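Peer 1: The following comprises the amino acid sequence and a computationally predicted model.
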Amino acid sequence: MAWTREQMAERAAKELRDGFYVNLGIGIPTLVSNYIPEGMSVQLQSENGMLGMGPFPFEGEEDPDLINAGKQTITELPTTSYFSSSDSFGMVRGGHINLSILGAMQVAENGDLANWMIPGKMVKGMGGAMDLVAGVKRVVVVMEHVAKGKDGSEAPKLLAECDLPLTGTHVVDMVITDLGVFTIDKKGNGGMTLVELAEGVTEDEIRAKTQGAFTTRLA
Amino acid sequence: MKKVRNDATEALAGLLKDGMTVMAGGFGLCGIPDELIDAIRESGVKDLTVISNNAGIDGVGLGKLLETRQVAKMISSYVGENKEFARQYLGGELAIEFNPQGTLAERIRAGGAGIPAFFTKTGVGTLIAEGKEVREFDGESYVMERGLFADLAIVHAWTGDTEGNLVYRKTARNFNPMMATAAKVTVAQVEHLVQPGEIDGDAIHTPGIFIKRMIHVAIREKRIEQRTTRKRGEPAIPPAAV
């Protein structure tokens, strides 16, 4: 049984540490905030200019001046601070954010990441993704193991080399898919290592659905 | 010299010309100088290069200048929420230069601070770095990006005094403070206009030196792009960390 979106988010939450400042991307990464262990202090950064992001507001209490990077209405916490976009990306680029959890279209075995454009389709822009992967100390990708086409076809997303335009080179430390967890030696030559399997998933199944090379070292 | 003008049209009088470059503050629809955008639309000025993180949505904010074909080029980080934008772009009527959001913010900050170029690791090895100088510092590669300076910047603030000292509110700050510094002329719209001394000097975000003209805008309903809420008793998403 592959992991659900919630189980992937729960697994990603195990990468959080007390005192961390964390940036969460849109989609499954946002769900990670549901699994912050009780008693652990984690401050969420929103790259439009806020540290200490609170939950969605109660109905009727939405504030148009208080949104996250996905343009959703949110709330503040006693720990919240606000700042400009240049200060925000100073935090990001300067390596002050401990962890970035984000989605991806493709990841290569050397840690290259593609998640912002598909040639020939309308390009929406990279937003803050290139800055986050270049600047944040540790980058964890959460994504489906394969891309499912409308015709039911499956294309691998963990590749020897990305064929989509890159968001960053040698930037991904860990990939959590619905089938398992990989670590990547992004600055060295250690390549990609399969370290965990989702319950009921076999290494053979992962091999069949992974184009990039990896070694296996299950805990 | 009096900075406060009666309305947006008066505040922009003599500043607009075809082909000019305009910076517009805001993130999504949050903290956008909407009344000044409306006045630019009314003026009919065209062939604009607009530097703004986003391009508004259809019929709101910069989306209004797209409707009237006044924009020739956008310099932005993300333009996903605008159908008219996509239509004009795919039809070859509108040019776009994508910048990583942090690079865009820093280009504006640098431009306003008299820094013509800087090196960043953002975008190294990607399409963004093509044709740009890449240099190694301390064993890592960095790409050179240029500072940005516009003919006109329009910004939105929460409170301003008649000297042009500005205070922004919550995440409506975003790109406004840097843009205020990075143009030949900056015009601000403020929701609350007060007298000098009414804002604590320690609390000012943008010093008045950067603001040439300003207007007081009536408090009105601001648009929300993605209204997300929770019901009382529901678990917090995301939960209050700590």
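Peer 2: Good, I have the coordinates.
Peer 1: Next, the distance between the ends of stretch B:45-53.
Peer 2: Taking Cα to Cα, to the nearest Å, stretch B:45-53 runs 21 Å from one end to the other.
Peer 1: tell me which residues in stretch A:95-107 are buried?
Peer 2: Buried residues in stretch A:95-107, counted by 16 or more other Cβ atoms under 10 Å in any protein chain shown: A:97, A:98, A:99, A:100, A:101, A:102, A:103, A:104, A:105, A:106, A:107. C-beta: built from backbone N, CA, C; applies to glycine.
Peer 1: Next, format those as JSON lines and append distance to residue A:140.
Peer 2: Formatted as JSON lines, those follow (distance: Cβ to Cβ, whole Å):
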{"residue": "A:97", "distance to residue A:140": "12"}
{"residue": "A:98", "distance to residue A:140": "11"}
{"residue": "A:99", "distance to residue A:140": "7"}
{"residue": "A:100", "distance to residue A:140": "7"}
{"residue": "A:101", "distance to residue A:140": "5"}
{"residue": "A:102", "distance to residue A:140": "8"}
{"residue": "A:103", "distance to residue A:140": "11"}
{"residue": "A:104", "distance to residue A:140": "10"}
{"residue": "A:105", "distance to residue A:140": "16"}
{"residue": "A:106", "distance to residue A:140": "16"}
{"residue": "A:107", "distance to residue A:140": "11"}
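Peer 1: Redo those residues as JSON lines? Include secondary structure, pLDDT and distance to residue A:142.
Peer 2: What follows is the buried residues of stretch A:95-107, written out as JSON lines (DSSP: H, G, I helix; E, B strand; the rest coil; pLDDT from 0 to 100; distance: Cβ to Cβ, whole Å):
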{"residue": "A:97", "secondary structure": "coil", "pLDDT": "98", "distance to residue A:142": "17"}
{"residue": "A:98", "secondary structure": "coil", "pLDDT": "98", "distance to residue A:142": "16"}
{"residue": "A:99", "secondary structure": "strand", "pLDDT": "98", "distance to residue A:142": "12"}
{"residue": "A:100", "secondary structure": "strand", "pLDDT": "98", "distance to residue A:142": "11"}
{"residue": "A:101", "secondary structure": "strand", "pLDDT": "97", "distance to residue A:142": "6"}
{"residue": "A:102", "secondary structure": "strand", "pLDDT": "97", "distance to residue A:142": "7"}
{"residue": "A:103", "secondary structure": "coil", "pLDDT": "96", "distance to residue A:142": "6"}
{"residue": "A:104", "secondary structure": "coil", "pLDDT": "97", "distance to residue A:142": "8"}
{"residue": "A:105", "secondary structure": "coil", "pLDDT": "96", "distance to residue A:142": "13"}
{"residue": "A:106", "secondary structure": "strand", "pLDDT": "97", "distance to residue A:142": "14"}
{"residue": "A:107", "secondary structure": "strand", "pLDDT": "98", "distance to residue A:142": "11"}
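Peer 1: which element is the residue lying closest to residue B:100 once chain neighbours are set aside on?
Peer 2: Closest residue to residue B:100 apart from its sequence neighbours, by Cβ to Cβ, 6 or more residues apart in numbering or on different chains: residue A:130 at 3.9 Å. Using DSSP states H and E, residue A:130 sits within helix A:129-135.
Peer 1: quick one: the helix or strand that that helix is followed by near chain B?
Peer 2: Later in the chain than helix A:129-135, the nearest helix or strand by DSSP H and E is strand A:138-142. No. Figure legend: strand A:138-142 not in contact with chain B (Cβ under 8 Å from any Cβ of the partner chain); closest approach 13.1 Å.
Peer 1: so how far is whichever helix or strand comes after strand A:138-142 off the chain centroid?
Peer 2: Per DSSP H and E, the first helix or strand lying C-terminal to strand A:138-142 is strand A:146-148. Relative to its chain's centre, strand A:146-148 lies at 17 Å (Cα atoms, centre = their mean, to the nearest Å).
Peer 1: for strand A:146-148, packing partners?
Peer 2: In terms of contacts (3 or more Cβ pairs under 8 Å, 6 or more residues apart in numbering or on different chains; DSSP states H and E), strand A:146-148 is packed against strand A:154-156.
Peer 1: related to what we said a few turns ago, distance from the helix holding residue A:130 to the middle of the chain?
Peer 2: 11 Å.
Peer 1: repeat for stretch A:64-82
Peer 2: A distance of 20 Å separates the centroid of the chain from that of stretch A:64-82, by Cα atoms, centre = their mean.
Peer 1: Now do the buried residues in it.
Peer 2: Buried, per 16+ other Cβ under 10 Å, within stretch A:64-82: A:64-77, A:80, A:82.
Peer 1: which of those are close to chain B?
Peer 2: Near chain B, taking Cβ under 8 Å from any Cβ as the test, the members of the buried residues of stretch A:64-82 found are A:64-74, A:76-77, A:82.
Peer 1: Closest one of those to residue A:172?
Peer 2: residue A:69 (19.9 Å; Cβ to Cβ).
Peer 1: Could I get the contacting residues of that closest one?
Peer 2: If a contact means Cβ atoms under 8 Å, 6 or more residues apart in numbering or on different chains, then residue A:69 has A:26, A:46, A:47, A:48, A:127, A:128, B:27 as its contacts.
Peer 1: So which elements touch the lowest-mean-pLDDT helix or strand in chain A?
Peer 2: Least confident helix or strand, chain A: helix A:28-31 with a mean of 92, by mean pLDDT, DSSP states H and E. Counting contacts by 3+ Cβ pairs under 8 Å, 6+ apart, helix A:28-31 is packed against helix A:5-13.
Peer 1: Report the angle between the helix it packs on and strand A:138-142.
Peer 2: 170 degrees (axes from the mean of the first three to the mean of the last three Cα atoms, to 10 degrees).
Peer 1: ok, now how distant is residue B:219 from chain A?
Peer 2: Note on residue B:219: its distance to chain A, by Cβ to the nearest Cβ, to the nearest Å, is 11 Å.
Peer 1: The residue nearest to that residue when sequence neighbours are not counted: neighbour count?
Peer 2: Using Cβ to Cβ, 6+ apart and skipping the chain neighbours, the partner closest in space to residue B:219 is residue B:191 (5.8 Å). For residue B:191, the neighbour count with other Cβ atoms under 10 Å in any protein chain shown is 18.
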